[in-house]
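*Asks:* Give me the fold of what follows.
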Amino acid sequence: MSWQDRGMLASLSRAARRRLLAGAAALLVVCGLLAWWLVPFGGSAPHGSVTFSTGVPTGVYQRYGELLRQALARDLPEVSVTLKDSEGSQQNLARVASGEADFTVATADAVAEYERERRPGHERLRGCARLYDDYVQLVVREGSPLWKVSDLRGLRVGVGQDGSGVRLIADRVLAAAGLAPDRDVRAVSAGIDTMPGLLERGELDAFFWSGGLPTHAVQELSQRFPIRLITLEAELVEKLHEAGDATRHYRSAVIPADAYADAQDGRPVETLAVANLLVTTDEADPDLVEGFTRTVIGSRDRIGGQVHPAQLVDLRTAIYTEPLTLHEGARRYYRSVKP
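*Replies:* Purely as a prediction, here's the structure:
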């Protein structure tokens with residue numbers, strides 16, 4: 001064999017080796033991407049059992065929790081999620097802080113109050129996502145002579161259950177209107193599962209509710225019984241803010257004219273709103289929290305088809321969980337989707 005032939009063979013051999021190395025590198029990249037896609041949490045897939053504290057049976061928290069559990073079953077098949085009814089935000093926070101529940105939803109004002117009072121476990125609470133806003137809804141019969149909060153003096157008013165965020169905000173709104181909740185109104189401790197019926201039967205003159213729009217129980221009531229919503233003027237929000245840091249999470253808002261078509265007669269209603277947060281603790285597994293957060297954001301449209309407020313979950317604002325520090329697992333998720 002001539003030296004020219006030997007050179008050609010060596011050249012072909014080098015080319016073949018380069019092609020082989022390039023092919024191997026490409027295979028490694030594909031395998032790496034496949035592994036990331038199958039296990040996107042940076043380690044072994046989350047597994048085990050967790051408890052999610054929700055709300056009253058006919059409230060938005062409960063329905064949201066039911067649909068989120070279905071989404072989690074698809075995304076985290078090794079995680080078993082148990083839902084637990086509650087009176088609302090305040091009880092939810094106490095459960096998570098004590099370890100009775102692993103995840104929950106609570107309003108930002110309830111979180112701020114829990115921290116302000118330094119209740120047990122407050123320092124352990126962490127945020128996963130800002131979800132949707134709750135809107136305060138003060139409901140009366142359509143023919144009622146009541147037009148503003150101060151008109152409630154001496155009347156029977158549903159103020160939510162003792163452990164609810166509704167009770168917290170109802171007491172504050174009444175105080176901002178110059179009414180002492182324990183003296184100037186006949187406060188009735190009841191939840192959204194019973195207040196509509198009490199109003200319909202004439203056992204309440206009005207009731208407060210704070211929830212996403214529309215809240216199914218209020219919508220159903222409006223379709224079978226004539227009701228209307230009382231305006232909560234911007235001045236009330238200003239007075240709430242004057243009460244201190246715990247009330248700064250309220251903002252002026254408007255209930256759109258079509259939120260309750262049968263109750264609003266085509267008119268928007270001024271009110272106030274507060275953000276809901278997905279809450280856990282600093283002891284929650286980062287992989288699990290990352291997976292939970294991923295599912296919350298990814299299932300927005302699917303859940304929002306049945307629970308309208310969920311459509312308002314926004315990746316751009318979900319990271320802002322004030323007053324809670326963002327959990328490291330949630331932070332990992334937001335970093336992974338950052339443009």
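
*Asks:* Would you map the strands across the protein?
*Replies:* All strands of the chain, identified by DSSP state E, fall at 48-53, 79-84, 103-107, 125-141, 156-158, 186-188, 206-211, 227-229, 251-255, 269-281.

*Asks:* Quick check: which of those strands is nearest to residue 179?
*Replies:* strand 156-158 (9.2 Å; CB to CB). Bear in mind the C-beta positions are built from the backbone N, C-alpha and C, glycine included.

*Asks:* Mind giving me the packing neighbours of that closest one?
*Replies:* Strand 156-158 sits against strand 186-188, helix 195-200, strand 206-211, with contacts defined as 3 or more CB pairs under 8 Å, 6 or more residues apart in numbering; DSSP states H and E.

*Asks:* Now render these as a markdown table, adding distance to residue 113.
*Replies:* Shown next, in a markdown table, are the helices and strands packed on strand 156-158 (distance: least, CB to CB, whole Å):
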| stretch | distance to residue 113 |
| --- | --- |
| strand 186-188 | 18 |
| helix 195-200 | 22 |
| strand 206-211 | 14 |
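
*Asks:* Kindly compare burial across the ones you listed and name the winner.
*Replies:* strand 206-211 (a mean of 28; mean count of other CB atoms under 10 Å).

*Asks:* Stretch 324-334 - what's its average pLDDT?
*Replies:* The predicted model gives stretch 324-334 an average pLDDT of 98.

*Asks:* what do you get for stretch 94-103?
*Replies:* Computed over stretch 94-103, the average pLDDT equals 98.

*Asks:* List the contacts of that stretch.
*Replies:* For stretch 94-103, contacts defined as CB atoms under 8 Å, 6 or more residues apart in numbering pick out 50-53, 84, 86, 92, 104, 114, 119-122, 124-125, 128, 163, 278-281, 284, 292.

*Asks:* Endpoint to endpoint, that stretch covers what distance?
*Replies:* 11 Å (CA to CA, to the nearest Å).

*Asks:* how close does residue 257 sit to residue 130?
*Replies:* 26 Å (CB to CB, to the nearest Å).

*Asks:* so who does the closest residue to residue 147 other than its chain neighbours touch?
*Replies:* Closest residue to residue 147 apart from its sequence neighbours, by CB to CB, 6 or more residues apart in numbering: residue 230 at 6.5 Å. Residues near residue 230 by CB under 8 Å, 6+ apart: 138, 139, 140, 146, 147, 148, 149, 206, 269.

*Asks:* which of those residues count as buried?
*Replies:* Buried residues within these, counting neighbours by 16 or more other CB atoms under 10 Å: 138, 139, 140, 146, 149, 206, 269.

*Asks:* What separation do you get for residue 146 and residue 283?
*Replies:* 47 Å.

*Asks:* next one: residue 200
*Replies:* 45 Å.

*Asks:* Run through the residues that contact residue 158.
*Replies:* So residue 158 contacts 188, 190, 195, 198, 199, 204, 206, 207, 208 (CB under 8 Å, 6+ apart).

*Asks:* tell me which of those residues is nearest to residue 155?
*Replies:* Looking across the contacts of residue 158 and measuring by CB to CB, the closest to residue 155 is residue 206, at 6.6 Å.

*Asks:* so who does the spatially closest residue to the closest one that is not a sequence neighbour touch?
*Replies:* Excluding the flanking residues, the one nearest residue 206 by CB to CB, 6+ apart is residue 140, at 4.6 Å. By CB under 8 Å, 6+ apart, residue 140 lies in contact with 146, 199, 205, 206, 227, 228, 229, 230.

*Asks:* Going by distance to residue 58, which of these wins?
*Replies:* Among the contacts of residue 140, and counting by CB to CB, the member closest to residue 58 is residue 199, at 14.2 Å.

*Asks:* Residues contacting stretch 325-333, please?
*Replies:* When contacts are defined by CB under 8 Å, 6+ apart, stretch 325-333 is touched by residues 42, 126-129, 280, 282, 284-294, 297, 319, 321, 334.

*Asks:* returning to that earlier point: show me which pair in the contacts of residue 140 is furthest apart.
*Replies:* 205 and 229 (14.4 Å).

*Asks:* so where do the helices sit in the stretch 1-150 of the chain?
*Replies:* Assigned by DSSP state H, counting those that start in this stretch, the helices in the stretch 1-150 of the chain fall at 3-38, 60-75, 89-98, 108-116.

*Asks:* In terms of mean pLDDT, which of those ranks lowest?
*Replies:* When I compare those, helix 3-38 is least confident, with a mean of 48.

*Asks:* Could you list everything residue 51 pairs with in the sheet?
*Replies:* residue 82 (DSSP bridges).

*Asks:* Let me see the confidence value for it.
*Replies:* Taking residue 51 on its own, its pLDDT is 98.

*Asks:* Now do the same contact list for it.
*Replies:* Residue 51 neighbours (CB under 8 Å, 6+ apart): 81, 82, 83, 84, 100, 101, 102, 103.

*Asks:* hang on, isn't the second one packed against residue 49?
*Replies:* Yes - with contact taken as CB atoms under 8 Å, residue 82 and residue 49 are classed as touching, separated by 6.8 Å.

*Asks:* what about the two, which has more around it?
*Replies:* Taking neighbours as other CB atoms under 10 Å, residue 82 and residue 49 compare with residue 82 leading, 12 against 9.

*Asks:* how much space between that one and residue 302?
*Replies:* Distance from residue 82 to residue 302, counting by CB to CB: 21 Å.
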